[in-house]
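A.B. asks: Sequence and predicted structure, then a few things I'm wondering about:
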Amino acid sequence: MSVMNKVGFSMVAFGLAAGSVLGAGSASAAGQYAAIAFSGQTVLYGVSVDEASDEAARGAALANCGQSDCQVLISWANGCGALVENKEGVAAASGANREQAEQAAFRKLAEVHPTALLANVGSADLSGAKVVEVVCTANAR
């Protein structure tokens, strides 16, 4: 990830995390689950994909993040999740496919940093926002 102000970055990340996690829906028991976890202190993240349960996906993402302050930003089933960043923070969101996940993540980032919305309409250079990672379950549309 790019170098940025870690204090502001982590404050935004964890503020957005609550909205991302609370907005995550449940899926059927036969789904494939994934998650993204993030450390505000070290600016590291971990992902999991194609886990048997939401709990397993969250646990694997936290383990892959590997830091004591890691928190799950988003978990989902049967689709894709995207982690985006700009100089002020990060956001994560999910969608049925890669494009929908990226757009949702840029919209989430724009809730705190309105210029991030420019990335969602083709002006990523002006917003400074970029996609860090996209993870899709094997059964994503």
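C.D. replies: Now that the structure is in, tell me what you want to look at.

A.B. asks: Which parts of this structure are strands?
C.D. replies: Counting by DSSP state E, the chain has strands at residues 33-39, 44-51, 71-77, 80-86, 89-95, 130-136.

A.B. asks: now these as TSV including distance to residue 107?
C.D. replies: Yep, even glycine has a C-beta here, placed from its N, CA and C like the rest. As requested, these are exported to TSV (distance: least, C-beta to C-beta, whole Å):
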stretch	distance to residue 107
strand 33-39	16
strand 44-51	20
strand 71-77	13
strand 80-86	10
strand 89-95	7
strand 130-136	13
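
A.B. asks: Would you mind measuring from the nearest residue to residue 59 once chain neighbours are set aside to residue 64?
C.D. replies: Closest residue in space to residue 59, ignoring its immediate chain neighbours: residue 48 at 7.8 Å, by C-beta to C-beta, 6 or more residues apart in numbering. Here the criterion is C-beta to C-beta, to the nearest Å. By it, residue 48 lies 6 Å from residue 64.

A.B. asks: Of these two, which one has the most company?
C.D. replies: residue 48 (24 against 16; other C-beta atoms under 10 Å).

A.B. asks: residue contacts, the more buried one?
C.D. replies: Residues in contact with residue 48 (C-beta atoms under 8 Å, 6 or more residues apart in numbering) are 33-35, 56-61, 64, 135.

A.B. asks: Who does it form a beta bridge with?
C.D. replies: In this entry, residue 48 is beta-bridged to residue 35, by DSSP bridges.

A.B. asks: now residue 134
C.D. replies: Under the criterion used (DSSP bridges), residue 134 bridges to residue 82.

A.B. asks: Okay, buried residues for stretch 133-141 please.
C.D. replies: 134-137, 140 (16 or more other C-beta atoms under 10 Å).
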